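Asker: need the 3D shape of this:
(3 chains)
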Amino acid sequence: MASTQLTKKRVPASRSTVAMKYAMAVSGLIMVGYLILHMYGNLKVFGGQEAFDAYAHHLRTFGEPMLPYEGLLWIVRVALLASVLVHAWAAITLWRRNKAAAGYSGGKRYHSSKGATGVQRSYASFTLRWGGVIILVFIVYHLLHLTANVISPGGASDSPYQRTVNGFEIWWVVLSYTIAVLAVGLHLWHGIWSALTTLGQNRSKTRLASRLTPLAWFVSAVITIGFLLPPWAILLGITG
Amino acid sequence: MTTDQILSDYITFGDDIHDDAAPSGPIEKRWDERKFSAKLVNPANRRKLSVIIVGSGLAGASAAATLGEAGYHVKNFCYQDSPRRAHSIAAQGGINAAKNYRNDGDSIYRLFYDTVKGGDFRSRESNVYRLAQVSVNIIDQCVAQGVPFAREYGGLLDNRSFGGVQVSRTFYARGQTGQQLLIGAYQALERQIGLGTVEMNTRHEMLEIIMVDGRARGVVVRDMITGEIETHTADAVVLATGGYGNVFFLSTNAMGCNVTATWRAHRKGAYFANPCYTQIHPTCIPVSGDYQSKLTLMSESLRNDGRIWVPKKAGDDRHASDIPEDERDYYLERIYPSFGNLVPRDIASRAAKYQCDAGKGVGPGGLGVYLDFADAIERMGRDTVEAKYGNLFDMYAQITGEDPYTEPMRIYPAVHYTMGGLWVDYDLQSNLTGLFVAGEANFSDHGANRLGASALMQGLADGYFVLPYTIANYLADGPFEKIDDSHPAVVEARQAVEERVQTLLSIDGKRTVDSFHKELGHIMWDYCGMERTEEGLVKAIQLIRDLKAEFWSNVKVTGVNEELNQTLERAGRVADFFELGELMCIDALNRRESCGGHFRAESQTEDGEALRHDDEFAYVAAWEFGGDKPVLHKEPLEYEYVEMKARSYK
Amino acid sequence: MKITVRIWRQKGPEAKGTMVPYELDDVSEHMSFLEMLDVLNERLTLEGEEPVAFDSDCREGICGMCGVVINGIAHGPEVTTTCQLHMRTFNDGDTIDIEPWRAGAFPVVKDLVVDRGAFDRIIAAGGYITAPTGSAPEANNLPVPKIDADHAFEAATCIGCGACVAACPNGSAMLFTAAKITHLGLLPQGQPERESRVLNMVEQMDAEGFGSCTNIGECTAACPKGIPLDVISQLNRDLMGALAKPGSA
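Answerer: Residues are numbered from 1 along each chain as shown, chains lettered A, B, ... in the order given. As a prediction, this is how the structure comes out:
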């Protein structure tokens, strides 16, 4: 029997795992961009109720009359939804594929209990998949709470500022929010590096030597801190 | 007993043979002449013609790729899991080519001259001249394939001088030239596999050749995964299966390197030429214990700056740094003042052996001499030494656990290359019609000693540029009568293999295959290694025969045939090594002169230098299989262009 | 030294495997890792047990044939091939776990031996420069800037051992594939086929069932030849470029 012949069926490169990673990287970076804008809005909470509510209102009227009321917001929402779907679809597809590719045997890949944390892996790289699931669950909860006003711990209000302050005066709301933001931080720590590398931007011999590594670390740290400041400030009574 | 009586006990003297394929006329025209007289095959007919190529090293892979490109149907076999593993990959130094890019007076003629002289006047002028001619095409071909040779800042190819020649004609890719050239050939081969012109069979070991009506028509192979014994037939068979250095057990060859393919052909009638010509490389890392499985070569370039020494006093077991300068013997510098540490490989190797025999060796078992860079580090600075030799020092440190920057390295000679191989004519065809032999597996180009950076050149010359022409000339008479698996010759060959396998499995003795192999290696190294004597060789032949007999009654091979069975694979190879070892000793016994890699203690000058006897031994010894008394056919060597001279390195 | 090894034993491709312990009393620190296995195999043979099957050939770190996972790490604790690992790396009394490369695309043949034919097929799909024998122009007609030549060389040192796949939590062959794309793509000779090469090799890589790259970098850390991680970005750039060309996909 000839041992090396090209008999396997191939799919076009435009639908390859690498192309799927492009989709994941681009959708991820879109969401990172959104997070930065979102964080900017959140920090308005330190400017008081008027500034915060005016900003929230401004987002809805932006572009009028060229755009209808909430027009920009809907454009962003659709783009974000698409990104989330693409991101999650690629993640799930690749995750299932990778599990098979790693060649498990009897429920384990390697039976040795040593070396399980790899040689140079970051902790963040272990958290990506389950972190992503946590983030997804949180987003649903978060939309129901602060966007759609459906659930309202601490009391509903028509003022976005009031809703925020009401919610974040409750310790468990802040706690759940904190866990979610930390998950986002870890997700971005590896995710930003990975997305930029997937898009061909790494020029270094190792992950740790790459300039993208501190960049990813910096962006994820800024976003994490930026999102954690308002709730903790409200909980501790510094603002609100 | 007189020498003549001894010889007649071991040798049957046969008729002289000649290479009829080489044209006569001016040497620089011979290859053109041969190419022009060779018959051509119409492209449309090529796909009806099939070729089996065994081996996927430089010669095998390049031949398979080239013949596949030409449109022939090629079947390629290798014992490794991928053709990219072939041991050509381990060559470090470089590849020679007469490009004269350095404008230093190199030419095809000079490369030819150096190679004939380096081979100690035991190679054929016609073959060597052709090798020098095609050397320039090899570089072009490899560069076009993307082989990343070292370059200068201007973007052009870099060269260095290598192996004691005075011109810089060696192309290199750091210390991994063999790897890069092999990967180039491998990629060309894989391209043909992808296109379907070459059928690749990895993990298949050739165990027999199939001869039909006087022509080589196929091979019997064992699928090493399933144990299935398969037969494959074709219009021609090429063996590109490398050298037989592993007969010594310890050598720089890969673990799997073996003589089985060529030996099986030899048993079917192919002549084995000059088996006693083995090259022993002086700068290898010494043996550290009896568990040792292989020896590692370090580039000869180390001798450019390192100084070789031993303690003056035998049995001096002080640490190197505790031995004061005036108690050290820099013996190469003392004996060979003009060449010093840069004497040729065989001289450096033998000198080390003499020091160790005199009890001055260093390290475990006293089998080693110091190669000291202390002076070089003082003279050039550690950084310069590191830039020049860093990778070699790292390799040494990795293997020995010692730091060569602070204590001298220990080196010892090891078997590295075998110049002997199956006899072939100018067309690389053996005396068996339709059986071609390429690369280290044939005997053709290096005479009694191979120059540095010439092995890669020969492998690729044979595969890319020689075989494709000469094999076409043979195939032009085909396709030959179709043979199916029920043909008596096929059935017989297959049965022979099956019986052999079953015999090996059924002995169920008390000794492991490796223990036999190691013992054979010791015999070969002691009596047929760097220095050979009549007495020692006679003794060795008897020892090998006894050991062979014990092997066939007392070897233990576990497992069954129908699975991956590495013990069975090794057992088959070692069985053939016994027979080869015996023939090497007989060849060495017959050649009562010293030349190149063959040193007979009885034939040396007063200063202990090798002494050739051109009047008596200027011939190729081509051996026909004959059991205990092989038949010697002499092919006289004539030198029209290079005058036969004695070497001197004093 | 006294060493306990726990080795993955598996009769054949379809058989179920398990870790089997063996004790070795007299291991020299100068032994190479594979020589330690040789010694074990000699003993097993004499005891009538079947020796452990493992691959090795050159035993000088260049052919790429050897490779096992040692204590959960491809090629073991030092950055080198398994054949160049020595027992002095370990301590008296250690227990060492030895397993085959584990990947969907590298099925186990027996014990520690796996089938890496997928790598050959990736090369056959496009990992070459088409230069039929005899068609080559004079070598120095095509100067290559030294910096490109050096970078190409770095990628070309890949020995195809498969440690990158064994170390990758996703069983991805990106480092192997990308090394070849970088080697050939940086050279002027490699330009005409640069786009078709990356398309074909990536398609074949996927067809073989390798996983996708999550840029964790374990491949580079395990690579005995230090193939740099930036080759993966090179592949990513090249594939983007090739897909952007009209009619390419």
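Asker: how is chain C partitioned into domains?
Answerer: Structurally, chain C divides into domains by automatic domain parsing as follows: C:3-110, C:116-244.
Asker: distance between the longest one and the chain's centre?
Answerer: Remark: domain C:116-244 is offset 13 Å from the chain centroid, using CA atoms, centre = their mean, to the nearest Å.
Asker: what's the answer for the first one, then?
Answerer: Put simply, domain C:3-110 sits 16 Å off its chain's centre (CA atoms, centre = their mean).
Asker: now the terminal residues of it, how far apart.
Answerer: Domain C:3-110 has an end-to-end distance of 23 Å (criterion: CA to CA, to the nearest Å).
Asker: count the residues that sit near residue 117.
Answerer: With no chain named, the answer covers chain A. 10 (other CB atoms under 10 Å in any protein chain shown). To be clear about C-beta, it is placed using only N, CA and C from the backbone, and glycine gets the same treatment.
Asker: could you do chain B instead?
Answerer: B:Lys117, neighbours per other CB under 10 Å, totals 19.
Asker: using the three-state scheme, assign it.
Answerer: Under DSSP: H, G, I helix; E, B strand; the rest coil, the three-state class of B:Lys117 is helix.
Asker: got a list of what the closest residue to it other than its chain neighbours touches?
Answerer: Among residues not flanking B:Lys117 along the chain, B:Val642 sits closest, at 6.5 Å (CB to CB, 6 or more residues apart in numbering or on different chains). Contact analysis of B:Val642 by CB atoms under 8 Å, 6 or more residues apart in numbering or on different chains lists B:Phe112, B:Tyr113, B:Val116, B:Lys117, B:Phe121, B:Glu125.
Asker: quick one: the first one is in a helix?
Answerer: Yes - in this structure, B:Phe112 lies within a helix as judged by three-state DSSP.
Asker: tell me which element the closest residue to it other than its chain neighbours is part of?
Answerer: Distance criterion CB to CB, 6+ apart; nearest residue to B:Phe112, sequence neighbours excluded, is B:Ala132 at 4.2 Å. Assigning secondary structure by DSSP states H and E places B:Ala132 in helix B:125-145.
Asker: check which helices and strands the helix or strand just after that helix is in contact with.
Answerer: For helix B:125-145, the following helix or strand on the C-terminal side (DSSP H and E) is strand B:170-171. The elements that strand B:170-171 packs onto, with contact taken as 3 or more CB pairs under 8 Å, 6 or more residues apart in numbering or on different chains; DSSP states H and E, are strand B:95-96.
Asker: ok, the strand it packs on: who's next to it in the sheet?
Answerer: strand B:170-171 (antiparallel) (DSSP bridges).
Asker: residues in contact with the strand it pairs with?
Answerer: Under CB under 8 Å, 6+ apart, the answer for strand B:170-171 is B:93-97, B:99, B:139, B:149-150, B:157-163, B:177, B:452-453.
Asker: repeat that with 6 Å
Answerer: B:Gly94, B:Ile95, B:Asn96, B:Ile139, B:Phe149, B:Arg160, B:Phe162, B:Ala453 (CB atoms under 6 Å, 6 or more residues apart in numbering or on different chains).
Asker: for stretch B:604-613, same thing?
Answerer: B:Glu593, B:Ser594, B:Cys595, B:Phe599, B:Ser603.
Asker: next one: stretch B:379-386
Answerer: B:Ala376, B:Ile377.
Asker: now do the buried residues in it.
Answerer: B:Val385 (16 or more other CB atoms under 10 Å in any protein chain shown).
Asker: one more: stretch A:64-83?
Answerer: Quick answer for stretch A:64-83 (16+ other CB under 10 Å): A:Gly71, A:Leu72, A:Leu73, A:Val76, A:Leu80, A:Ser83.
Asker: what pLDDT does the last one get?
Answerer: The per-residue pLDDT reported for A:Ser83 equals 97.
Asker: show me which residues of chain A are close to chain C?
Answerer: Residues of chain A that fall close to chain C, judged by CB under 6 Å from any CB of the partner chain: A:3-4, A:6, A:8, A:10, A:12-14, A:16-18, A:21, A:94, A:98, A:100-103, A:109-112, A:114-115, A:118-121, A:125, A:194, A:197-198, A:200, A:202-207.
Asker: now, of these, which are buried?
Answerer: For the residues of chain A next to chain C, buried by 16+ other CB under 10 Å: A:3-4, A:6, A:10, A:13-14, A:16-18, A:21, A:94, A:98, A:101-103, A:109-112, A:115, A:118-119, A:121, A:125, A:194, A:197-198, A:200, A:202, A:204-207.
Asker: which SSE is immediately downstream of the helix or strand encompassing B:Asp394?
Answerer: If you go by DSSP H and E, B:Asp394 is part of helix B:382-400. Once the chain leaves helix B:382-400, the next helix or strand it forms, by DSSP H and E, is strand B:409-418.
Asker: check the offset of the helix or strand following that following strand from the chain's centre.
Answerer: Going down the chain from strand B:409-418, the next helix or strand is strand B:421-422, by DSSP H and E. Its chain's C-alpha centre and that of strand B:421-422 lie 10 Å apart, by CA atoms, centre = their mean.
Asker: got a list of contacts for strand B:421-422?
Answerer: So strand B:421-422 is contacted by B:Thr262, B:Ala270, B:Ser430, B:Val437, B:Ala441, B:Asn442, B:Phe443 (CB under 6 Å, 6+ apart).
Asker: closest point of chain C to chain A, which residue?
Answerer: C:Gly72 (2.5 Å; CB to the nearest CB).
Asker: for the lowest-mean-pLDDT helix or strand in chain C, buried residues please.
Answerer: Sorting the helices and strands of chain C by mean pLDDT, DSSP states H and E puts helix C:146-156 at the bottom, at a mean of 93. Residues of helix C:146-156 classed as buried by neighbour count (16+ other CB under 10 Å): C:Lys146, C:Ala149, C:His151, C:Ala152, C:Phe153, C:Glu154, C:Ala155, C:Ala156.
Asker: now for the domains of chain C, which one comes closest to chain B?
Answerer: It's domain C:116-244; of the domains of chain C, that one is closest to chain B (CB to the nearest CB) at 3.0 Å.
Asker: would you mind measuring the gap between the ends of that closest one?
Answerer: Using CA to CA, first and last residues of domain C:116-244 are 32 Å apart.
Asker: so is that domain next to chain A?
Answerer: Yes - Domain C:116-244 lies within reach of chain A by CB under 6 Å from any CB, at C:117, C:120-121, C:124, C:170-171, C:199, C:202-203, C:206-207, C:209-212, C:215-218, C:220-221, C:228-230, C:233, C:236-237, C:239, C:243.
Asker: that domain near chain B at all?
Answerer: Yes - judged by CB under 6 Å from any CB, domain C:116-244 and chain B are in contact via C:116, C:120, C:123-124, C:127-129, C:131-133, C:136, C:138-140, C:143-146, C:149, C:152-153, C:156, C:160, C:184, C:187, C:189-190.
Asker: of those, buried ones?
Answerer: Buried among the residues of domain C:116-244 next to chain B (16+ other CB under 10 Å): C:116, C:120, C:123-124, C:127-129, C:131-133, C:136, C:139-140, C:144, C:146, C:149, C:152-153, C:156, C:160, C:184, C:187, C:189-190.
Asker: just the ones of these in helices?
Answerer: In this view, those that belong to helices under DSSP state H are C:Asp120, C:Ile123, C:Ala124, C:Lys146, C:Ala149, C:Ala152, C:Phe153, C:Ala156, C:Leu184.
Asker: circling back to that earlier point, which one of the contacts of B:Val642 is nearest to B:Tyr330?
Answerer: Taking CB to CB as the measure, B:Lys117 is the one of the contacts of B:Val642 closest to B:Tyr330, at 27.7 Å.
Asker: what helices or strands is the helix or strand containing A:Ala23 leaning on?
Answerer: Element membership of A:Ala23, judged by DSSP H and E, is helix A:17-43. Secondary-structure packing of helix A:17-43 (3 or more CB pairs under 6 Å, 6 or more residues apart in numbering or on different chains; DSSP states H and E): helix A:71-101, helix A:171-198, helix A:212-235.
Asker: out of those helices, flag the one nearest C:Met87.
Answerer: C:Met87 sits nearest to helix A:71-101 of all the helices and strands packed on helix A:17-43, at 32.7 Å, using CB to CB.
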